[in-house]
Every structure is written in C-alpha cells, then in structure tokens.
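> Provided below are the primary sequence and the corresponding predicted coordinates.
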Amino acid sequence: MNFLGYRRPDGKVGIRNHVLVLATCACSSETARVISNQVQGSVHIINQNGCAQVEGDLKITMDILSGLAANPNVYGTVLVGLGCENAQPSDMYSLIQSKTNKPLKMIVIQEEGGTTSTIKKGVEYARQLVMEASMLRREDFPLSELIVATNCGGSDPTSGLASNPVLGNASDRLVDLGSTSILCETTEFIGAEHILAERAATPEIKEQIYHIIKRYEDHLKNAGENLRNGNPSPGNKAGGITTLEEKSLGCIHKGGHRPIVEVTDYGVGPSKKGLVIMDTPGYDIASVTGLVAGGAQIVVFTTGRGTPTGNALAPVLKMTANKITFENMKENMDFNASAVIAGTKSIEEMGEELLKEIIAVANGKVVTAEAFGFNDIAISRVCNYV
Amino acid sequence: MQNNINSLIINQKDSVAVAIEELKEGDIARCKVNEEIKENKIIQNVPIYHKFAIVNLKEGELVYKYGQVIGKAIADIKVGQHVHSHNIVSIRESIE
C-alpha cells in the first residue's frame, strides 16, 4: 500500500506543499500574517511567544517553531523576526538549518526599517518559494514514510465506545504496514497508565510512561494547581463521561494494541517506526501543535461533542461515532464511525475504511478544517512570561 | 438499531452499561452479551450515551467500565439507575 507525496531535499516526504511564513516572536507575528495573506499558497502561524520567556519556555518555543519549519508538509520557510527578541532570528535560522536543508529566507523588521519594507521583501520571498514549490510533483512512497498522529478532543462516551477503538484499529494496521503512529495527551493517560505500561516494548519504556505522567502531575502541583479542574471538561461530563479515569480508559483506545517502542518529549519526533508516545498536554490544540512540530504529516482526531479545529500545516482528519454530532456539525466532520454503535459495522471494518480515508487524505483529499483554512496553534508552557 | 439493542456493555466485568438512545424510566434496556440479549429495567431517565447500573452497588464499592475501575460509588445504586457525578467519584483524581 503506497501514498503519493512530495520528496524533500532532507529525505522526508510531505503530503502537502506549504510555504510557511514563520514569525520568531509575537512582535513579528502580525507582519508575518500580513505577508502570508498577500501570497496564495503560503501559510502563517500566530506566535504569542519567542520573547520574555524563562529559559525552559524559550527552548520549548524555539524547538516547536523550528520543528514546524522542518515538518515534511512544508516546502520552505520565510522567517520573520523583529531583531531584539530572545528567539534571535539568526539563532532561529541556525536551529532550523540544523533540522532541515529546505529553502529558508530571513527578514528582520528592525533591519528592513519598519512594516512596509519588511512586508515588501517578505512577500517577494514567499512568492518565489510558492512558485518554486508549484513545480514539484507527487511521487509514489511506501507507508513507512508516514507519521500518523492521533488525538481526541471534545470527547464523550462515543469516543471510548467506538471512534477511538476504530482509530486504534487503523493505527494497528498502519504500524503493521511499517508506518509510525503517535499517541499523545499525557493527562489523558491518567487512570489508564497501567494498560499502556503493559504494552511497553522494554522495561525502560515502561518507566518512561509512568515518568511522564508523574512529571506532569508534579509540575502542576509545584505551581499550586491540579489538573482535576480542567479534566473532564463540562462538555465531557454533559456527554456522559464522569471521571478522569473513565475518560482516559476511552482515550487510550486510539493507540490500538501494538507495543510502544519509544517515548518522546513534547514536539520531539519519533526516531523509530511503530507506535510511539509523545508527552503532550491533553489540550487538543497544544498537542496537535507538538505533533506537527514533531513531524507528523497528518493528525486523525476523534471527537464526541464536535470541534472545528485545524492546523496550518497538517490535515486534521475529524471523526466521530456520535450520530447526532455528525449530523449537527457535518461541515466540520470527515468520517462517521457511528455504525459501530448502531451495530451495523464492526470496529475492524470501520478501521479498514478509516485507513483508506487516511491514505486518500495523504494523497491530497482536503479535510473540512483545511477547506475552512483553520489555523489553530498553542505552544505548551512551563510558566508565566517575565 | 439491530434487534432493538438500545444499550451496550463493553466488558463482562462491568458494573454499568451505556445507553445508545435516550432511555426513560420504565423502559427496558436491551444489550448484547456474547450473542445473547440481556434485559434490564430502567428506573431513572438515562440521557443518551450516559451510564446506568447493571448490578446493585453499595456505597464505597468500585465501579467498573471497560473491565477497569472508573471510580467508586458514593451512594447505594440500584440496577437501572443513572450513574454519573451525583453517585460516583473518581479515585485517581484524589490521589496525592
């Protein structure tokens, strides 16, 4: 089973062909947005960070931003800096180059002399890159070149009953075909961690699974907070999920049944093929941002209550097994798994259908969130700004 | 709905089933367990996708779904009653 993708000079394969206009910091974020709006075929992200951050936060921000530029769905990047920020444009430039040799341009507002000169140069760079990118053609690649990330948001009991098990089945198929599948959302392992730990490929990985959960809980406790207040959410509860462990037991189904071969930190890509865990918040948008920074070309997203969420760089394929949600929010949904609850199709049958849909999206089929151009981003944080 | 199934049990060990339609007090809940249809009388309204008890539970007893513990009862619960935040709590959330 193959898919059609774009070969990058760094060897990776993209399923989209975006030019990214990337702000190094909040002060250049608006300028980057205006540049991107002028150039069809380019995308930008809103950047709230990159300055006035503690060391730990600055590192996360710079790793995530450079990871986005390195994502295989990106043809090339126009980096837009202010000039005085902590995430220095030259440092960001070097960091991106350490990850990928794809086309990279840089403009700095304080050097260009203000808004309109920066925009003029940025638009010219972005235009050149978009026209170069348009010359590429998709080629045939094996599924081993795909990193498929899974996520759940706005969960309700249908998530645990059907959509996550169907996604887990597709994840197993992908892993068996040589792909990589990333399971994340650490706070939504709580109450189900023993099940995941049993599937660790080595004792060291088992320890790492417990460690990332404890580290997360301790981190919140040290800040004088706890995660109970956020999870389960009001929507989870209204939908019928009562406790965090009930939610987690439903969530982990999306990771399927294969052994867990690696545990990575937030935004860090897998170094192995197979099922991998990435430490991310349960917060959908922050976890998707981390997954895409880690190199996932596609995110498959189960929802019970429905969400419009999308990402600038990677298709977020939305699926639900809640028949009411599918009808009610049809324009935000890509795949309907409610037949499993109705008993008219099995998890295995739907898992196979979902795999076909994943490959169709990889080959270029646009998901609803892409059609709407939704561009959600959130970068995980250690603490307050300074 | 096939065979008028209106609820699902996930695992043999489970204390609860999940309504896949809105269930009203007095309805008969039907779910499939190993090719057999199991029936329970619903004694409280159960919103769609919410849980109802399929065994009697005493206050303090562990509650099972997915074959795993999802919490404990904070009141006595009878078969056919709605199970949610008013009568069960998380155990894991309160671990320090």
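Yep, that arrived.

> and the helices in the stretch 51-200 of chain A?
Along the stretch 51-200 of chain A, counting by DSSP state H, counting those that start in this stretch, helices occupy A:55-70, A:89-99, A:109-112, A:115-133, A:157-158, A:164-176, A:193-198.

> where do the strands sit along the chain?
You didn't say which chain, so I picked chain A. Applying DSSP state E to chain A gives strands spanning A:2-7, A:13-14, A:18-23, A:42-44, A:74-81, A:104-108, A:139-142, A:147-153, A:180-183, A:260-264, A:274-278, A:298-303, A:316-320, A:335-336.

> switch to chain B, please.
Listed in chain order, the strands of chain B (DSSP E) span B:7-8, B:16-19, B:28-33, B:36-41, B:51-53, B:62-65, B:68-73, B:82-83, B:88-89.

> select, out of those, the one closest to chain A.
strand B:68-73 (3.9 Å; C-beta to the nearest C-beta). (Each C-beta comes from the backbone N, C-alpha and C, glycine too.)

> can you report how many residues lie near A:Lys356?
The number of residues packed near A:Lys356 is 11, by other C-beta atoms under 10 Å in any protein chain shown.

> next one: A:Asn86
19.

> low-confidence stretches in chain B?
B:1-3, B:93-96 (pLDDT under 70).

> which residues of it lie near chain A?
Applying C-beta under 8 Å from any C-beta of the partner chain, we find that chain B lies next to chain A at B:1-2, B:5, B:8, B:10, B:18, B:20, B:32, B:47-51, B:65-66, B:68-71, B:83-85, B:88-93.

> quick revisit: mind putting the strands of chain B into a markdown table with mean neighbour count?
As requested, those are exported to a markdown table (neighbours: other C-beta atoms under 10 Å in any protein chain shown):
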| stretch | mean neighbour count |
| --- | --- |
| strand B:7-8 | 23 |
| strand B:16-19 | 26 |
| strand B:28-33 | 17 |
| strand B:36-41 | 12 |
| strand B:51-53 | 26 |
| strand B:62-65 | 21 |
| strand B:68-73 | 22 |
| strand B:82-83 | 24 |
| strand B:88-89 | 20 |
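
> my guess is B:Phe52 meets B:Ile42, correct?
Yes: with contact defined as C-beta atoms under 8 Å, B:Phe52 counts as touching B:Ile42 (6.4 Å).

> anything in contact with each of those two?
The contact sets of B:Phe52 and B:Ile42 overlap at B:23, B:29, B:80 (C-beta atoms under 8 Å, 6 or more residues apart in numbering or on different chains).

> how about those in CSV, adding distance to A:His253?
As requested, the shared contacts of B:Phe52 and B:Ile42 are exported to CSV (distance: C-beta to C-beta, whole Å):
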residue, distance to A:His253
B:Leu23, 24
B:Ala29, 23
B:Gly80, 27
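
> ok, so of these, who is nearest B:Lys58?
B:Gly80 (16.1 Å; C-beta to C-beta).

> show me which residues of the stretch 251-386 of chain A are close to chain B?
A:304, A:322, A:324, A:341-344.

> show me what from the stretch 101-250 of chain A comes close to chain B.
Going by C-beta under 8 Å from any C-beta, the residues of the stretch 101-250 of chain A near chain B are A:156-158, A:160-161, A:190-192, A:195, A:228, A:237, A:239-240, A:242-246, A:249-250.
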